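**Student:** No letters, just coordinates:
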């Protein structure tokens, strides 16, 4: 075999920990999809049946969809607590962005952060649920949805106070 290197061993680029209770975050393309409770990501078995799904409808998860999952390893399976859809082939990507967490770095409705992401909720069309812009403050738990990120800032369409 001239010019061909015969592999004697293959190893994954990044070894996913398999120890029970280990927190794991993965991002990649869904493969071996049977259902939301049984698919693979980077060769790791995923069960996202109890996950909070953001970035699109859970029914759009399938082979070829780019996702991020976070959860805990149990019995060699990543039990996802969250699943974020990043790109659905043929759609140009998700139609909205969602942030869930506590407000931080609050200066005004036009300048605060959720999960470290800068947010502007000062637009005239922003819908507030279970509160008003006056309820925004450091530590307040919110769910923010928006359809645009401009210069790294998520422009909120809706703010829901949890």
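**Tutor:** Looks like it came in fine. This is a predicted model, so every value here is computed, not measured. Residues are numbered from 1 along each chain as shown.
**Student:** For the rest of this, base every contact and every neighbour count on C-alpha atoms.
**Tutor:** OK.
**Student:** Map the structural domains onto the sequence of this protein.
**Tutor:** If you go by automatic domain parsing, the domain ranges for the chain are 23-87, 97-161.
**Student:** how long is the first one end to end?
**Tutor:** For domain 23-87, the separation between the terminal residues is 24 Å (Cα to Cα, to the nearest Å).
**Student:** hmm, back to that, quick one, which of the domains of the chain is packed in tightest?
**Tutor:** Using mean count of other Cα atoms under 10 Å, the stretch among these with the largest mean neighbour count is domain 23-87, at a mean of 18.
**Student:** mean confidence score for stretch 100-116?
**Tutor:** For stretch 100-116, mean pLDDT is 93.
**Student:** ends of it, how far apart?
**Tutor:** First-to-last residue span, stretch 100-116, Cα to Cα: 11 Å.
**Student:** Mind putting the domains of the chain into CSV with distance to residue 4?
**Tutor:** CSV is the format used below for the domains of the chain (distance: least, Cα to Cα, whole Å):
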stretch, distance to residue 4
domain 23-87, 26
domain 97-161, 46
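**Student:** quick one, strands of this structure?
**Tutor:** 23-35, 38-41, 44-47, 52-54, 66-74, 77-87, 97-108, 111-114, 117-120, 127-129, 141-150, 153-161 (DSSP state E).
**Student:** in its sheet, what does the longest one sit against?
**Tutor:** In the sheet containing strand 23-35, its partner strands are strand 38-41 (antiparallel), strand 66-74 (antiparallel), by DSSP bridges.
**Student:** Distance of residue 151 relative to residue 118?
**Tutor:** Taking Cα to Cα, one finds residue 151 at 10 Å from residue 118.
**Student:** ok, and the closest non-adjacent residue to residue 118?
**Tutor:** residue 153 (4.9 Å; Cα to Cα, 6 or more residues apart in numbering).
**Student:** Can you give me every residue that contacts the one you found?
**Tutor:** By Cα atoms under 8 Å, 6 or more residues apart in numbering, the contact set of residue 153 is 117-120.
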